[in-house]
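In: Fold the following, please.
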Amino acid sequence: ITNGFTEVQNKKIINSKINKYFHSIIDSETVGVKKPNIKIFDYALKISDSKPINCLMIGDNLEADILGAINAGFHAIHFNNNNENTHKHCAIINDLKSLTKFL
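Out: Below you'll find the model as predicted:
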């Protein structure tokens, strides 16, 4: 789930060579709302035929990614590369290698 434009996000995913890891990419341009609006999370659930309890949001923005995901019932991990204040909403990591502890 991204607050970006479809074409730009698709180019980023392809150029990063991580597109093989995704079945679908949900962007705010397609849905018509941005995170943390619950509609974008609900859309992602519908497209993926998933339940919130089975979903994990890894995001770098506390308000949009983390609180948006938690309000939608998702699990969350805060990739705190923006040096935001610490919090107790979810696990916080400072580098992507730390994700291996959770996946």
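In: Quick check: which ranges of this protein have low pLDDT?
Out: Applying pLDDT under 70 to the chain flags no residue at all.
In: show me where it has helices.
Out: Assigned by DSSP state H, the helices in the chain fall at 6-15, 28-31, 38-48, 68-71.
In: which one of the ones you listed lies closest to Ala91?
Out: Within the helices of the chain, the stretch nearest Ala91 is helix 68-71; the backing value is 11.9 Å (CB to CB). The way it works is simple: take the backbone N, C-alpha and C, and place the C-beta from them, glycine included.
In: helices or strands up against the closest one?
Out: Counting contacts by 3 or more CB pairs under 8 Å, 6 or more residues apart in numbering; DSSP states H and E, helix 68-71 packs against helix 38-48, strand 56-59, strand 75-79.
In: Most tightly packed of the helices of the chain?
Out: Mean neighbour count (mean count of other CB atoms under 10 Å) peaks for helix 68-71 among these, with a mean of 20.
In: if we can go back for a sec, redo the helices of the chain as TSV? Include distance to Met57.
Out: Output for these, formatted as TSV (distance: least, CB to CB, whole Å):
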stretch	distance to Met57
helix 6-15	16
helix 28-31	14
helix 38-48	8
helix 68-71	3
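In: among those, which is nearest Glu84?
Out: Closest among the helices of the chain, using CB to CB: helix 68-71, at 14.5 Å.
In: Now do the contacts for Pro36.
Out: By CB atoms under 8 Å, 6 or more residues apart in numbering, the contact set of Pro36 is 63-65, 67-68, 71.
In: burial measure for the closest residue to Ala44 other than its chain neighbours, as a count.
Out: Excluding its sequence neighbours, the residue lying closest to Ala44 (CB to CB, 6 or more residues apart in numbering) is Ile26, at 4.5 Å. Close neighbours of Ile26, defined as other CB atoms under 10 Å, add up to 20.
In: same question, Lys17
Out: When neighbours are defined as other CB under 10 Å, Lys17 has 8 of them.
In: Cool, thanks, signing off.
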